[in-house]
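Asks: here is a sequence with its predicted model. Questions after.
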Amino acid sequence: MNFPFFDTHFHYYNEEPAAAYYKRAADAGVSWLMAAGASHKDSLVARDFAAESERVWFSAGVHPHEAAQPLNKPVDFEIFRHEPKLAAIGEIGLDYNYEHAPRKTQQKVFEQFLELAIRWQKPAIIHCRDKEAEEQAYADTYPMLRSFASAGGSFVLHCFTGTPAWAEKFLEEGAYLGITGIVTFPKAGNVRETLKVIPLSRLLLETDAPYLAPIPQRGKKNHPEFLPLLAARVALEKALPLEELARITTENAFAFFRIDHK
């Protein structure tokens, strides 16, 4: 494997020293990482992790589960504004599956952080999850992201599990779509079906570690080192050599996050 992968979304919880955590990924051919913030505290941890390697960046945001918690306003995130490794705002969005925060609260916080992304000229990492067999979170997210895109914003729907129809609607607004280890799960035919409509130019790969470990590591704590396992399934579905998929998706990540890696 001569071309390294970029894990565009993982969460670091200090489970091992940052240097050792990164080395495991790099040894597996995953040389570039995006540490995602899901709260003010998580964003601080992600920032500190990113400082440990020139090939790691971070995002700062409020996950919808945290929307009703303290330190959930853009003003609380001003400390990140001029951080050199800050590459995106997120993850932010709507989660109607668990509803740890009221929907109206989620929507308000989401809108505030989309506005922050515009002000800071950063792409946004979007979380969108519905209750099973429902589509209301997508229906509520879509007009918000359409307005965001009209204002010049760029975004990725991370861990995308929506229908092909929703994928096409978001793609029309310039979306990138992130694919996780779910693509390897036997019962995830819907994700593999949606993968067919995602152009290679808009595809990103992510582990969402420590969650969603791909087959054959399912049930274990996920790690960026497992990204090649899910990538192998994506390459199979897209009828591409694995190294070509690595090259395309890594270049996509550099473009989306506006990272000058040369």
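Replies: It's in.
Asks: quick one: contacts for the residue nearest to residue 248 when sequence neighbours are not counted?
Replies: Spatial nearest neighbour of residue 248, chain neighbours left out: residue 200 (5.2 Å); criterion: C-beta to C-beta, 6 or more residues apart in numbering. (Each C-beta comes from the backbone N, C-alpha and C, glycine too.) Residue 200 makes contacts with 238, 240, 248-249, as judged by C-beta atoms under 8 Å, 6 or more residues apart in numbering.
Asks: and which of the residues you listed is nearest residue 65?
Replies: Using C-beta to C-beta, residue 249 comes nearest to residue 65 of the contacts of residue 200, at 27.4 Å.
Asks: what's the burial count for the closest one?
Replies: 26 (other C-beta atoms under 10 Å).
Asks: is it in a helix, a strand, or coil?
Replies: helix (DSSP: H, G, I helix; E, B strand; the rest coil).
Asks: quick one: mean pLDDT over whichever strand or helix holds residue 192.
Replies: For residue 192, the element it lies in under DSSP states H and E is helix 189-195. Rounded to a whole number, the mean pLDDT of helix 189-195 is 98.
Asks: what's it packed up against?
Replies: helix 164-172, helix 227-238 (3 or more C-beta pairs under 8 Å, 6 or more residues apart in numbering; DSSP states H and E).
Asks: hang on, the earlier thing: show the pLDDT at the residue nearest to residue 248.
Replies: 99.
Asks: got the buried residues for stretch 99-108?
Replies: For stretch 99-108, a neighbour-count test (16 or more other C-beta atoms under 10 Å) marks 101, 103, 106-107 as buried.
Asks: ugh, wrong one, stretch 244-255
Replies: For stretch 244-255, burial by neighbour count (16+ other C-beta under 10 Å) applies to 245-250, 252-253.
Asks: got those residues as TSV, with pLDDT columns?
Replies: Below are the buried residues of stretch 244-255 laid out as TSV (pLDDT from 0 to 100):
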residue	pLDDT
245	98
246	98
247	97
248	98
249	99
250	98
252	99
253	99
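Asks: which of the residues you listed lies closest to residue 9?
Replies: Using C-beta to C-beta, residue 253 is the member of the buried residues of stretch 244-255 that lies nearest residue 9, at 10.0 Å.
Asks: could you find the closest non-adjacent residue to the closest one?
Replies: residue 6 (4.0 Å).
Asks: so which elements touch the helix or strand that contains that neighbour?
Replies: Here residue 6 sits within strand 5-10, counting by DSSP H and E. In terms of contacts (3+ C-beta pairs under 8 Å, 6+ apart), strand 5-10 is packed against strand 30-35, strand 203-205, helix 227-238, helix 242-257.
Asks: now the next helix or strand after it, how far from the centre of its chain.
Replies: Next helix or strand after strand 5-10 toward the C-terminus (DSSP H and E): helix 18-27. Chain-centre distance of helix 18-27: 19 Å, with C-alpha atoms, centre = their mean, to the nearest Å.
Asks: buried sites along helix 18-27?
Replies: Residues of helix 18-27 classed as buried by neighbour count (16+ other C-beta under 10 Å): 18, 21-22, 25-26.
Asks: what's the closest of those to residue 45?
Replies: For the buried residues of helix 18-27, the nearest to residue 45 is residue 18 (9.6 Å; C-beta to C-beta).
Asks: is it true that the closest one touches residue 52?
Replies: Yes: under the criterion of C-beta atoms under 8 Å, residue 18 makes contact with residue 52 at 4.2 Å.
Asks: just the angle between the lengthiest strand in the chain and strand 30-35, please?
Replies: Secondary structure of the chain per DSSP state E: the longest strand is strand 86-95. Angle of strand 86-95 versus strand 30-35, following axes from the mean of the first three to the mean of the last three C-alpha atoms, to 10 degrees, is 60 degrees.
Asks: report the mean confidence score over strand 86-95.
Replies: Taken as a whole, strand 86-95 has an average pLDDT of 99.
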